[in-house]
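A.B. asks: Next come a sequence and a model predicted from it.
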Amino acid sequence: MAEETTFYGLVEDLEKYLEYQRDEGIQRLEVHRSVLEALAKEPEPEVVEEIVVEAAPIPTDFQSLEAIATYISTCTNCELCQERNCTVPGEGKAESPDIMFIGEGPGAEEDAQGRPFVGKAGQLLSKMIDAMGYSREDVFIGNVVKCRPPNNRKPVKEEMDLCLPYLRQQIGLIKPKIIVGLGGTAMEGLLGRPVSITRMRGVWQEYNGMKLMPTFHPSYLLRDPSKKKDAWADLKLVLAELGKEPPARK
């Protein structure tokens, strides 16, 4: 910008000088052709060097979920850190639970409390877990990204890619018997490719040698309650794989 300002300033000064010469009665000035050619050229646009900030490498040798949660609390690897109130690493049974539920990311209530699935969708998830014969303390609940995306939007691929090392290490430490992927975004993060949750739900997948069941996200079930029966069918497949049946309804 400074170069451009100097160029046009010189042109303006030259115009004033020529007007002065005209007023003094000078009718002809000799100017070298190279000067005219230089004046005819627009200044080169300013080259702004792009500064690329690389994400800090995430350790690959965490020894506990607590160590992961502590590290997450200071993570600034993506822009989601800029508007968060709390990080949401996940919670529940830390040693070989039957089931680990994985969603896409925290919402407003989760961001305020630092806990996963505590809003309306979380209340529905709690009912689903209870209907299976478990409590929240019996399972582990987490998300692909650990900070709330603005306006609860879907996390973009870059955000998921930067955050997934935490989830992968959590899964490695927790060693759940079965993983339940809640919604298409969670499944995209786990499988590393776009999916159609409508076509994939209820069909067993695999994640690092573990059984992975895709089903609808509770927030989708709140928007379309007619799909609750499909989600329940998926959860009954999970119970059957564990050798269990749903408890009798109260």
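C.D. replies: Thanks, I have the structure now.
A.B. asks: residue contacts, P89?
C.D. replies: Taking Cβ atoms under 8 Å, 6 or more residues apart in numbering, we find P89 in contact with 65, 68-69, 72-73, 142, 146, 166, 170. All C-beta atoms are positioned from the backbone trio N, CA, C, and that covers glycine.
A.B. asks: I178 and M213 touch, don't they?
C.D. replies: Yes - under the criterion of Cβ atoms under 8 Å, I178 is in contact with M213, at a separation of 6.5 Å.
A.B. asks: one step back: who wins for neighbours among the contacts of P89?
C.D. replies: K146 (28 neighbours; other Cβ atoms under 10 Å).
A.B. asks: does that residue count as helix, strand or coil?
C.D. replies: coil (DSSP: H, G, I helix; E, B strand; the rest coil).
A.B. asks: again with G142
C.D. replies: Per three-state DSSP, G142 ends up strand.
A.B. asks: So for it, what's the pLDDT?
C.D. replies: Predicted confidence (pLDDT) for G142: 98.
A.B. asks: pretty sure it is touching Q170, no?
C.D. replies: Yes - contact status for G142 versus Q170: in contact at 6.3 Å, counting by Cβ under 8 Å.
A.B. asks: any residues in contact with both of those two?
C.D. replies: Residues within reach of G142 and of Q170 at once, by Cβ under 8 Å, 6+ apart, are 89-90.
A.B. asks: so M213 sits in a strand?
C.D. replies: Yes - looking at M213 with three-state DSSP, it is inside a strand.
A.B. asks: Which parts of this protein belong to which domain?
C.D. replies: Per automatic domain parsing, the structural domains of the chain span 2-40, 86-241.
A.B. asks: As a markdown table, those domains with distance to C78 would be great.
C.D. replies: Converted to a markdown table, the domains of the chain look like this (distance: least, Cβ to Cβ, whole Å):
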| stretch | distance to C78 |
| --- | --- |
| domain 2-40 | 34 |
| domain 86-241 | 5 |
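A.B. asks: residues contacting the nearest residue to A112 once chain neighbours are set aside?
C.D. replies: Among residues not flanking A112 along the chain, N85 sits closest, at 5.9 Å (Cβ to Cβ, 6 or more residues apart in numbering). N85 makes contact with 111-112, 148 under the criterion Cβ under 8 Å, 6+ apart.
A.B. asks: The helix or strand M160 falls within: what's the following helix or strand?
C.D. replies: For M160, the host element (DSSP states H and E) is helix 157-174. Remark: after helix 157-174, the chain's next helix or strand is strand 178-182, criterion DSSP H and E.
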